[in-house]
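> Here you go, sequence then predicted model.
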Amino acid sequence: MESDSDVFGLAKYGLKLIEQNAHELKCAEIFFEKNKYISIDIEENSVKNSETGEDNGVSVRVINKKGALGFAFSNKLEKKTVNELCNTALKMMNVSTPDPDFYDLPGSYQNYPIVKGLFDKNLKVLQLEDSMSYVNILIDVCEQDELAISQSGSFITNYTKTNIFNSNGLEVSGKDTSCSLSSHIIVKDKVSKETSDGYEWQSERTIKRLKAFDVAKTALEEAKRNLNRKKIKSMKVPIILSPKGTVQLIMRPIASAINGESFQYKRTFLVDKRDEIIGSKYLNIEDNGLIDGAVGSAIFDGEGVPCKNKKIFEKGKFLKTGLLHNSYTAGKEGVESTGNAYRSSYNSIPSIGATNFIMSNGDITIKEMIKDVKEGILFDYTGDTPNISTGDFSGLILHGNLIINGEVKEPLNETMIGINLLDLFKNIKALSKEFKNYGAFQAPYVRVEDVQIIGGEN
Amino acid sequence: MDFKDDLKDIDDKLIKELNSISRDKIEYWDVRTGVSRGATLDFTDLKSKEISSHYITECGIRAFINGGWGFCVLKDLNRKAIITGFQKAIKLARLSESLCKNKFKIVPRDPLIKEFKARAREKLEDVDIEEKINLVKNHEKIASEYSSKVKNTHTLYSDGHANSLLINSFNNHIFQDLSFLRLFSLVYTQDNGIIQRAINSVGGIGGFEIIKTEKAENLSKKSAKEAVDLLNAKSPIGGKFTIITDPKLTGTMIHEAFGHAVEADMVLNNESILKGNIGKKVASEKVNIIDNPTMGQGKIYNLPYELFGCYFVDDEGIPSQKTTIIENGILKSYLHNLETSSRMDTLPNGHGRSSSFSSRPQVRMGFTFIEPGDWSIEEIIQDTKNGILCEDFQYGYTNPSTGNFQFKCKFSYKIENGEKKELMRDVSLSGMILEVLNKISAIGKEVDYSDGMCGKGGQSVRVCDGGPYIRIEDITVGGLN
């Protein structure tokens, strides 16, 4: 895919071919994607691997008047392949089952929102040699610390260009960039010889915003805070979720549970809870695709529909309009698409995904929040995910500390937490002023009352 | 379906040219190219959500010099693109080398020149798409008609057929022809406001015969039955318990709680709690753990195809082989790829694996299992005063640097005075790597295995794991109460 004219030519050729060869066609879509990346890996706190790559591809989606769908994709961008893909997709459509719930692909839009800062021209031309300064900062932080014994990490940049064409006259193109840093640091206590680790990452649209020192420093501090762990007894206490924990136990589960598709299939614990107050007044969440320069922002979604800003939870109330839709689930419900069609690549039909998912922060500092806890747990993160269909969560705390008399104390070994998310939402009692961004999630520290902790000590 | 056409540019002339470009510049290189075609059928509630077909070509080029790696990923398999990509990979390797602190060499291996072809009794491309659709539809029908409590069914069929070529600076020339198939069934049930789900899958290397076994034919019925049964299960009470794990869960536990920590890249990066433990006792002396991803094991389990996690050679051209990890409780060996074996002065054992031709090989498990003992399951249950019998898993995870692990069971039964009692759901088990294998108090004699995908460093590879029923004392069980 060297230039737009090639893509336009191929799309026109494909759409025409489909219209000529299809029986009872309702609509068709051709999606092109061009991606380039560079990546540098750190292992054993040293540069280990440098990598560049590209992935260009095309997919064809066709739907007939009965709603039967056919799909085909390839990474070969030749006229011959597009011809084969169109015919294969039609063949698939012809043997596919009818779906009366299918409404239509999006039509063309007059206006698209203006979202700035999604493309960094510095990133598009960035060479690997220039990227090494970021990596070297990560390495230095680990090297200069006495307890740090190793680090693995990465620096990755991506440039993506998308073109979407459909038979309803939709024609959009867009380009964006992203870059990310990650640091996983291992520390070892000099006396006890115990090892521990800490993990931190950051992703941004523009390279200037990457803060390599902060990323490595946070990973290092987290690793040290997790040294000399102990097993504790079971108890029921307040917990403070770190922003990472908030993403894991509140935001990701909600983002999955309000996915229009899972919701319509009654696969989530929030089914039947629309328009109800299910959380404390501190639960305020929006899905906003229009924030300048944010990782989750976009002008249009995976089907070419303009992105929007939607409120999902307001003062604990799960809003009636708080679902995320692509054109299929929106059509099934008789509403407009919310611009949440998500495509991980040209190789999949659009699913549904959040844009920037934001939980409102509060007005007390994290220091004050911790000071307020007599006996509790600071929950950093788990390796687990709540069960989205039941809302039950019972998982191992991979990183967490005791809080005693307002101070963060020993880290935990073999300690689990168990709670249903609906109880967790009700028991939110405070939010911190401070918040952090992890990819497209923005989360504060959150205090939750009465959480069952299962300790490994008899 | 003409695969050969896409690989035709990778000929002797190209290899000669790559050797001449690389001479004196780098110490090792490999080029992996592959062409794959396949189909995906995704059904929900008896309707197709996706019927798709793909055609993908990929190429990954690695270059190495003195501790630095360069990797270049291409989608075009033509001579010019490969040569340009090769030069880029060399440049990248030199850049890595200029910055890396750990200098080492890759120890050369004897060349392997061979063609491998996995047998497919019923070739995927000979099966009409309508037949595949009918199969999936039938599974959907069985699941949705199982009970009125079944609210949503999901069946995913995917198959693929790939031809690949691996060439490297050891003069390897390995051609492989493999096809695989996986059928996945997910059923949601609802009753009195409670939603439950059950997932089952069957996968293998071979052709359409994979979904004609009894196990595959009963797949969606099994999911439906499990999801209905789980509606009446109780939530567990947290605390310390004696547990008995079934073969599937035993496999997951060995994989999660132990397997990741014996991957030598984790050991070298100081991320494994098992660093420096070779030759030491890490488990009760009854315990023997093996990783054996060699082909030909399907017949042991009466299956007409190869097991999902098995392979002829790894993605660096090292033949798959049986590796003893723990013998009578003593840690014998880590799992290695070319790099880790070169650096730790031992032989590679065929665990350099990648998720695709465009990803770098990492150290990964294949088919990991614990060897059987002499208890029957009835004896183990009768011998257990109070405990939990845990069957099948949902998922598991571990932190190899602290040794903390957890896995979540699908079904669990209370055991009281040697008798199996009520069903519980979502029981999660947690423990410490170095403690748990010492707490094994009984090992069963019947073995089984399960297959799945294992993720590490952003890559997913096919794996199998298994073993017998085992009993473990004093395990922390999570619960909501």
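Yep, it's here.

> Could you check how many residues crowd around residue 323?
I went with chain A, as the question did not name one. 27 (other Cβ atoms under 10 Å in any protein chain shown). Bear in mind the C-beta positions are built from the backbone N, C-alpha and C, glycine included.

> other chain: chain B
B:Thr323, neighbours per other Cβ under 10 Å, totals 22.

> same thing with B:Ile167?
For B:Ile167, using other Cβ under 10 Å, the count is 22.

> chain center to the helix or strand it falls within: distance?
Assigned by DSSP states H and E, B:Ile167 belongs to strand B:150-168. Distance of strand B:150-168 from its chain centroid, counting by Cα atoms, centre = their mean, to the nearest Å, is 14 Å.

> okay but B:Lys4 is in contact with B:Asn163, surely?
Yes. Using Cβ atoms under 8 Å, B:Lys4 is in contact with B:Asn163, at 7.4 Å.

> Between these two, point out the one with more neighbours.
Legend: neighbour count by other Cβ under 10 Å for B:Lys4 and B:Asn163, higher for B:Asn163 (21 against 10).

> Would you mind identifying the next helix or strand past the strand holding B:Ile167?
strand B:173-191.

> quick one: buried residues of the very next helix or strand once past that next one?
Scanning forward in sequence from strand B:173-191 by DSSP H and E, the next helix or strand is strand B:194-205. Neighbour-count burial for strand B:194-205 flags B:195-205 (criterion: 16 or more other Cβ atoms under 10 Å in any protein chain shown).

> Each with direction, which strands does strand B:194-205 pair with?
strand B:173-191 (antiparallel), strand B:306-307 (antiparallel) (DSSP bridges).

> Excluding sequence neighbours, find me the nearest residue to B:Lys425.
Small correction: residue B:425 is Arg, not Lys. B:Ala233 (3.8 Å; Cβ to Cβ, 6 or more residues apart in numbering or on different chains).

> what about the one you found, how many residues close to it?
There are 19 residues near B:Ala233, going by other Cβ under 10 Å.

> can you check A:Lys193 too?
7.

> And A:Ile291, by the same measure?
Neighbours of A:Ile291 (other Cβ under 10 Å): 18.

> got a list of what it touches?
A:115, A:297, A:356 (Cβ atoms under 8 Å, 6 or more residues apart in numbering or on different chains).

> Let me have the buried residues of strand B:194-205 in a markdown table, adding pLDDT as columns.
A markdown table is the format used below for the buried residues of strand B:194-205 (pLDDT from 0 to 100):
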| residue | pLDDT |
| --- | --- |
| B:Ile195 | 88 |
| B:Gln196 | 91 |
| B:Arg197 | 92 |
| B:Ala198 | 94 |
| B:Ile199 | 94 |
| B:Asn200 | 95 |
| B:Ser201 | 94 |
| B:Val202 | 95 |
| B:Gly203 | 95 |
| B:Gly204 | 96 |
| B:Ile205 | 97 |
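
> among the residues you listed, which two are most distant?
B:Ile195 and B:Ile205 (35.0 Å; Cβ to Cβ).

> Could you list the single helix or strand in chain A with the lowest mean pLDDT?
In chain A, no helix or strand scores lower on mean pLDDT, DSSP states H and E than helix A:121-125, which sits at a mean of 85.

> could you point out which element follows that helix?
Next element after helix A:121-125 (DSSP H and E): helix A:128-143.
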